[in-house]
Structures are given as structure tokens and as C-alpha cells.
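Q: here's my sequence, what's the structure:
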Amino acid sequence: MRHGKSSWKDPDLPDRERPLAKRGIKDSRRMGLFIQEKELIPQRILCSSAKRAVQTAQLFCETCGCPDTVEVLDELYMAEAEMYIRALQTLPDELERVMIIGHNPGLEFLLQMLSGELVSLPTTVVAHLTLPVQRWSELNEHTEGTLIEVWKPKELPEEIIEQEKELRKEAKVAEKEIKVKKEKKEKKEEKKGKKKDEKNE
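A: So this is what the prediction gives:
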């Protein structure tokens, strides 16, 4: 999975620190819902340490239902295909479904290397690949995998898009409630402070 669309609002931010744009947030949630529906929830996610990739992983996991699966690795930031393979080789053999969240061009080269197919990976796109290995340590640049499918946020079923919209509405309501509670608490404390000051006078 390539990370979600990132924001360029702050031109002074280092590349690694750029957060997701609104579309990136939305698409990451949608893809999580979709992968859950496909019953392809990853047992482990290897994720680049770039902020946009980590946020993609968090939002994906929120909706996919796999919160404790993310392993953030510095070496996957703008990694080349060989580095992704090295990270996969170290995985425990009991893991059958693993996701990588990273960057282009490395991810596209990795997909081409393992499937023999040249596929474009725009932001938040997921490519489903099967690999003919019994142990992760057997994986190498010559492994001939099979590309099953490529899923793009724009092409997801309508019910997934509607589910994500509902989640967004619920999140906004919850956010508003927290804000109101916080304001009430602050006012209460302010009132308490004034009374204390008057008493001291």
C-alpha cells in the first residue's frame, strides 16, 4: 500500500514530517473498511517512519480492526525495492498476511520485481500479491509471485464510501462533544479561581 495523499500546506516542513491531506485521511479509512470486508486484514504492517505513512497506517487500522499490527521502520522511508525485501525476510514464519506501507518509486519496483508486472501505484492504492514461499527468509529478488488485484480508492464500492462518510460524521460529533466538555471544565475552573481570589481579598 502506498501512503495516502500528503499535504503541502507548510512548504517549510521537512519531507519526512509532511502529514496527510484531507483526501489522504479519507482514502486511508476507506481502504481499511474495504480490506476488512475482503477478509484480508493484515497480521503485521511494516510501515515507513514518514509521518504520512504512519498516519495512513493508523487510519487504515482504525477501520480495518488491526490496531496492534504496525511496525514502524526508519529504513523503509523512501526505501528501494531491495530494502523492502530485507524487511520482509526477517518476519516470523507464522505470519501469512503482511502489508507494507511505503513510498514510490520503491514500491512500484518491488511489485514489478515480484510479479513481473509494471503497475502504477498512486496514493492509497493497495496491490494484493501472493508469494510462493514457505518461509519469509526464502523471499528474494528472483521470487515469482502473482499479482491478484489492485484496488484504488476511487473505484471502491459505494457502500464503503457511505460507511466512511458515516464514520466521519460520528467522529465530528464526538469531537464537538469533547470540545464542549473541555470548555465547560475551563469555565468552571475559571469561576472557581475567581471565587478563590475574592475570598483571599
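Q: from now on I want contacts and neighbour counts done on CA atoms only, so please keep to that.
A: Fine.
Q: quick one, helices of the protein?
A: With DSSP state H, the ranges of helices along the chain come out as 22-37, 51-64, 81-89, 106-115, 158-200.
Q: just the buried residues of the third one, please?
A: Under the neighbour-count criterion of 16 or more other CA atoms under 10 Å, helix 81-89 has 81-85, 87-89 buried.
Q: which of the helices of the chain sits closest to Trp151?
A: Smallest distance to Trp151 across those (CA to CA): 8.5 Å, for helix 22-37.
Q: may I ask which helix or strand of the chain has the lowest mean pLDDT?
A: Ranked by mean pLDDT, DSSP states H and E, the weakest helix or strand in the chain is helix 158-200, scoring a mean of 77.
Q: what's the closest of the helices of the chain to Glu138?
A: Shortest distance between Glu138 and those, using CA to CA, is found for helix 81-89: 7.1 Å.
Q: angle of that closest one against helix 106-115?
A: For helix 81-89 against helix 106-115, the angle by axes from the mean of the first three to the mean of the last three CA atoms, to 10 degrees is 70 degrees.
Q: please begin residue numbering at 275 from this point
A: Sure, I'll start counting at 275 from here, so that last one is helix 355-363.
Q: if we can go back for a sec, in TSV: the helices of the chain, plus distance to Glu418.
A: Formatted as TSV, the helices of the chain follow (distance: least, CA to CA, whole Å):
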stretch	distance to Glu418
helix 296-311	24
helix 325-338	27
helix 355-363	13
helix 380-389	5
helix 432-474	32
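Q: which of the ones you listed sits closest to Thr404?
A: Using CA to CA, the helices of the chain put helix 380-389 closest to Thr404, at 8.9 Å.
Q: near Ile309, how many other residues are there?
A: Ile309 has 18 neighbours, counted by other CA atoms under 10 Å.
Q: I'd assumed Ser302 was in contact with it.
A: No. If you go by CA atoms under 8 Å, Ile309 and Ser302 don't touch, sitting 10.7 Å apart.
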